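# okay, here's the prediction I keep looking at, along with the sequence it came from:
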Amino acid sequence: MNAERATPDLLDRLLKERCGSSVAELVEDVRLKDDETFFWSGSWVEGFGNSRSDLDLYLITSDKERTSGVPQVTGPGMPPMYMTLTPGRTRIDLTVVSTDLLTAVAGFLGRFNGETDYPTGWSDNFREFVHRLGIGVPLANAERFEELRNGIDFMKFRQYLMRFYQNRADSLFDDAQGLLDEGDAVSAYLVARQRMEAAIDMYLAAHGETNTRVDKWRWKKLVRLLKGDTELSDRFLECEGIAGSDVGDVGALTRRCLQFGDELILKAI
């Protein structure tokens, strides 16, 4: 895990290493208006950044002329976000988010009852954005950023996620039981693993880890949360089928899986 604290200075160094740019140049290129704000979030801000991690930037604006890029579905009745992807192995991604979308999120969460309401189907990217807003590092117009972030009830967001993952876990339980009744033990096991992962995500959300939809970070977040209490993490690894393996075994299995994936992609082309 990358333990270096996420600050504008860290982003400045990453930009200089990767593309010879700087935070000041980025802010100048964006040309913010008074009611706009610009922030950094994602894996580096989580503390999980590595040599191939993207740099994820967000512009919040009320200017409808700013909505260039690929539209991203958010939630029912909510405006889209717009993402501009910079090609290359290590991307610098900019997502434009309207203040209307934040108003819609604030209204939805303000009305949400975690005990009785059904968790409306937000997209994965949108759930990730709400989480990233919560941990974001402002790069310009910090007061405006804090004003917009403070309008979101992140406790309600946690409740929304818990309900979302509980519903998923309940559905997968029925699927696994049906497959067991059918006698398809392999499919039942694979579905049971998915149910266990949904239950882990619900557990993480209950303890404040609200970016649980990103499968690649599930293990890192669980380890960070448990802080050496290995009983739950050991059972997780057992269900995933890699308990008792050393780092070399898991590394070799990972490489075989990556190679198998390459072969499948080539066969599919």
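Looks like it came in fine.

# show me the longest helix that occurs in this structure.
For the chain, the helix with the greatest residue count under DSSP state H is helix 154-182.

# what's the spacing between residue 22 and residue 70?
For residue 22, the distance to residue 70 equals 26 Å [C-beta to C-beta, to the nearest Å]. C-beta coordinates here come from the backbone N, C-alpha and C atoms, glycine included.

# which one's more surrounded, those two?
Applying other C-beta atoms under 10 Å to residue 22 and residue 70 shows that residue 22 carries more neighbours, namely 15 against 11.

# surely the more buried one is in contact with residue 12?
Yes: applying C-beta atoms under 8 Å, one finds residue 22 in contact with residue 12, separated by 5.4 Å.

# for the longest helix of the chain, give the mean pLDDT please.
Averaging pLDDT along helix 154-182 gives 94.

# give the buried residues for that helix.
Within helix 154-182, the residues scored as buried using 16 or more other C-beta atoms under 10 Å are 154, 156-166, 168-169, 172, 176, 179.

# distance between the ends of stretch 76-95?
Chord length of stretch 76-95, first to last residue, is 19 Å (C-alpha to C-alpha, to the nearest Å).

# any low-confidence regions in the stretch 51-200 of the chain?
Within the stretch 51-200 of the chain, the ranges that satisfy pLDDT under 70 run 85-90.

# helices along that one, start to end?
99-111, 124-135, 142-150, 154-182, 185-206 (DSSP state H, counting those that start in this stretch).

# among those, which is nearest residue 5?
Counting by C-beta to C-beta, residue 5 lies closest to helix 124-135 out of those; the figure is 12.2 Å.

# for stretch 228-242, give the mean pLDDT please.
Rounded mean pLDDT across stretch 228-242 is 89.

# for that stretch, which outside residues touch it?
Stretch 228-242 has contacts (C-beta atoms under 8 Å, 6 or more residues apart in numbering) with 192, 193, 196, 200, 219, 222, 223, 226, 243, 249, 250, 253.

# out of the residues you listed, who has the most neighbours?
For the contacts of stretch 228-242, neighbours tallied by other C-beta under 10 Å; top is residue 200, 23 neighbours.

# my read: that residue touches residue 225, true?
No: when contacts are counted by C-beta under 8 Å, residue 200 is not listed as touching residue 225 (10.1 Å).

# residue contacts, residue 146?
Applying C-beta under 8 Å, 6+ apart to residue 146 gives the contacts residue 138.

# how close does it get to residue 41?
14 Å.

# next one: residue 251
Applying C-beta to C-beta, the value for residue 251 to residue 41 is 30 Å.

# comparing the two, which residue is more hemmed in?
residue 41 (23 against 11).

# residues touching the closest residue to that one other than its chain neighbours, list them.
Excluding the flanking residues, the one nearest residue 41 by C-beta to C-beta, 6 or more residues apart in numbering is residue 132, at 3.6 Å. If you count contacts by C-beta under 8 Å, 6+ apart, residue 132 has them with 41, 42, 45, 56, 58, 211.
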